[in-house]
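**Student:** sharing a model that was predicted from the sequence below.
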Amino acid sequence: MLIPVLTAYEKEHISERQTLPERYLGLSDEEMARRIAAAKATLGRRLVILGHHYQRDEVFAFADYTGDSFKLARQVGRHPEAEFIVFCGVHFMAESADVLSAPDQQVILPDLAAGCSMADMAEPEQLEMCWAELEQMGVIGGASRVIPVTYINSAAAIKAFCGEHGGVVCTSSNAVATLRWAWERGERILFLPDQHLGRNTAFKVGVPLDEMVVWDPNEIWGGLEPDTVKRARIILWKGHCSVHARFTVRQIENIRQQHPGVRVIVHPEVPWDVVQAADDSGSTEYIIKQVTESPAGSIWAIGTEIHLVNRLARQLEPDRTVFSLDQFGCLCSTMFRVSPNHLLWVLEGLVAGDVHNRIVVPDDRKRWTKVALDRMLSIQ
């Protein structure tokens, strides 16, 4: 059996490193579903299961609450009686849940290998170096103020840095309101780690492309000249989502030829030119709302993770036609790691009094992370 390889940062945040026992392999879908339901019933109000939209159906079916990162973050504090929060998502989501939960609650990630490549593109040391170099450039200091904004798809240490430096966390659901909030407090924004979400959101609120720059954390001074940075209103971190970066304008052109009258809606993590070629863009919750409330007979091509697309297609057929913008479907492979086998293992462990794969953010980092997340939750 393969043992997940974790980064040093991930190891720091996991109180107990354990992997799936052999006895949980090779089980039938029926047996796993029956045993998961039984364990969940036994735990009762002691347990809350959160499931992200990108989860596979066999796991998604057992979630008490489903949604995108923003919607699920709001659920964490609504069940103080729950001892255990099992987060069927990826590690940055479980970290946020640990920060927002009560001290006596324990957050569990069913598979420790469920990470996020985008979150890994921004490391705390890189952000600290970026901030120092912005100070050297004269972009930060005196009357010049930069507000750091990090997408929720980032490590707790990144969120903590933003909280401590007057910044905030955002999601795709409240990104527009967050950028406006930040510009009320500073003349520039440092947006990380997803350059596409930052660019698409800033452009949506009227910032021209020539007032945006991309900071490469692997280059001295981000690969930029000081005067270039000083002319910018938003500094975009050079990061991206490996799933959403697969969508292209050519795909949209092909879809329109094959399906006259199709509506194309994409997630704002896709590249800028794809958003411009699409009919609409928005968070997963926004996509669900637009497609679900569309007139009967509507045809939709959706540019986001395949599990959400397929689930919508099944729910809305035959009244509406829904399919992926990518003919092969874009799978979030790290989200897919959370299997019913892993969910069964952690739940039966809780029934037996054993906590597997608890996610813990260190206390010295938790304070400022919570400040940044609370600011996120306050922005509408």
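**Tutor:** Nice, I can see it.
**Student:** do you know how far residue 255 is from residue 303?
**Tutor:** 10 Å (Cβ to Cβ, to the nearest Å). To be clear about C-beta, it is placed using only N, CA and C from the backbone, and glycine gets the same treatment.
**Student:** give me the common contacts of those two.
**Tutor:** 264, 325 (Cβ atoms under 8 Å, 6 or more residues apart in numbering).
**Student:** more neighbours, these two?
**Tutor:** residue 303 (30 against 19; other Cβ atoms under 10 Å).
**Student:** where does the chain dip in pLDDT?
**Tutor:** Applying pLDDT under 70 to the chain flags the ranges 1-18.
**Student:** tell me which residue is most central in it.
**Tutor:** residue 153 (4.1 Å; Cα atoms, centre = their mean).
**Student:** who touches that residue in this structure?
**Tutor:** Residue 153 is in contact with 69, 92, 116, 118, 119, 193, 194, 241, counting by Cβ under 8 Å, 6+ apart.
**Student:** now the residues you listed in JSON lines, with secondary structure, neighbour count and distance to residue 51?
**Tutor:** Listed next are the contacts of residue 153 as JSON lines, based on DSSP: H, G, I helix; E, B strand; the rest coil; neighbours: other Cβ atoms under 10 Å; distance: Cβ to Cβ, whole Å:
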{"residue": "69", "secondary structure": "helix", "neighbour count": "26", "distance to residue 51": "12"}
{"residue": "92", "secondary structure": "helix", "neighbour count": "25", "distance to residue 51": "16"}
{"residue": "116", "secondary structure": "coil", "neighbour count": "21", "distance to residue 51": "16"}
{"residue": "118", "secondary structure": "coil", "neighbour count": "27", "distance to residue 51": "20"}
{"residue": "119", "secondary structure": "helix", "neighbour count": "27", "distance to residue 51": "19"}
{"residue": "193", "secondary structure": "coil", "neighbour count": "29", "distance to residue 51": "24"}
{"residue": "194", "secondary structure": "coil", "neighbour count": "30", "distance to residue 51": "22"}
{"residue": "241", "secondary structure": "coil", "neighbour count": "25", "distance to residue 51": "19"}
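**Student:** the strands in the stretch 51-200 of the chain, which residues?
**Tutor:** 65-67, 84-88, 106-108, 146-151, 168-170, 188-192 (DSSP state E, counting those that start in this stretch).
**Student:** CSV for the ones you listed, including distance to residue 48?
**Tutor:** Output for the strands of the stretch 51-200 of the chain, formatted as CSV (distance: least, Cβ to Cβ, whole Å):
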stretch, distance to residue 48
strand 65-67, 7
strand 84-88, 5
strand 106-108, 10
strand 146-151, 24
strand 168-170, 21
strand 188-192, 30
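**Student:** thinking again about what came up before, pull the most distant pair out of the contacts of residue 153.
**Tutor:** Maximum pairwise distance among these (Cβ to Cβ): 13.9 Å, between 69 and 193.
**Student:** measure the residue lying farthest from the centre of the chain to residue 135 for me?
**Tutor:** Residue farthest from the centre of the chain, counting by Cα atoms, centre = their mean, is residue 142 at 34.1 Å. Residue 142 sits 10 Å away from residue 135, going by Cβ to Cβ.
**Student:** give me the domain ranges for the chain.
**Tutor:** Here the domain parsing of the chain from automatic domain parsing is 8-115+334-361, 119-241, 244-324.
**Student:** reformat the contacts of residue 153 as CSV; add distance to residue 289.
**Tutor:** Formatted as CSV, these follow (distance: Cβ to Cβ, whole Å):
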residue, distance to residue 289
69, 16
92, 24
116, 24
118, 24
119, 26
193, 26
194, 22
241, 21
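**Student:** contact partners for residue 267?
**Tutor:** Taking Cβ under 8 Å, 6+ apart, one finds 172, 244, 281, 282, 283, 284, 287, 303, 304 in contact with residue 267.
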